[in-house]
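**Q** only geometry, no sequence info:
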C-alpha cells in the first residue's frame, strides 16, 4: 500500500524522474501481489498498483538513501541486518510525522482497518516527501 501511494504522490508532484522508491518486506518471501483489500483501497482512491512483493536485501542498504520501517518489529529486523557501512538512513516512517501521537503504522493484515492504515500512510508519506523536498531542494 505504501509503495503504491508514494509512487502516486511522486507522480502528482512531478518527481517520478527525481526520486526512486521501492518496497521490500522483512518477512516476505517475495513474488506475491498485494492483498485484495489493499488493491481495493488504492483503486478507491484512483491509485493504480501492480507491484510484486520482495524481501529486503543487503544491496538495498547501498542502493537507497532511506529505508523506512512501518513498525518497531520491522525496525528491529532491519537494524539486525543493516551493514555497518550502510548508506541508507534507517528510520520509522512516522518519525517524519512527529505531530502524530503514535510512531507505528498499524498492519492492516492484522487488524483489518485498511482505511485507517491508508490515512496514516498518507500523513507519514506526505511528511517524508516534504522532508525530501527540503533536504534535497526538489
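**A** Happy to help now that I have it. Bear in mind that the values here come from a model prediction, so they are computed numbers and not experimental data.

**Q** drop to CA atoms for contacts and neighbour counts, all remaining ones
**A** Noted.

**Q** How about the contacts made by residue 102?
**A** residue 94 (C-alpha atoms under 8 Å, 6 or more residues apart in numbering).

**Q** And the longest helix belonging to the chain, what does it pack against?
**A** In the chain, with assignment by DSSP state H, the single longest helix is helix 114-136. Using 3 or more C-alpha pairs under 8 Å, 6 or more residues apart in numbering; DSSP states H and E, the elements in contact with helix 114-136 are helix 2-12, helix 36-44.

**Q** buried residues in the shortest one?
**A** Of the residues in helix 36-44, those scored as buried under the neighbour-count criterion (16 or more other C-alpha atoms under 10 Å) are 37-39, 42.

**Q** Give me the helices and strands touching that helix, please.
**A** In terms of contacts (3+ C-alpha pairs under 8 Å, 6+ apart), helix 36-44 is packed against helix 114-136.

**Q** got the contact list for the helix it packs on?
**A** 1-2, 5-6, 9, 37-38, 41, 93-94, 96-97, 105-108, 138.

**Q** Could you count how many residues lie near residue 71?
**A** 17 (other C-alpha atoms under 10 Å).

**Q** ok, now which ones touch it?
**A** Counting by C-alpha under 8 Å, 6+ apart, the residues that residue 71 touches are 92, 103-106.

**Q** wait, doesn't residue 93 sit right on residue 74?
**A** No - counting by C-alpha atoms under 8 Å, residue 93 does not reach residue 74; the two are 11.1 Å apart.
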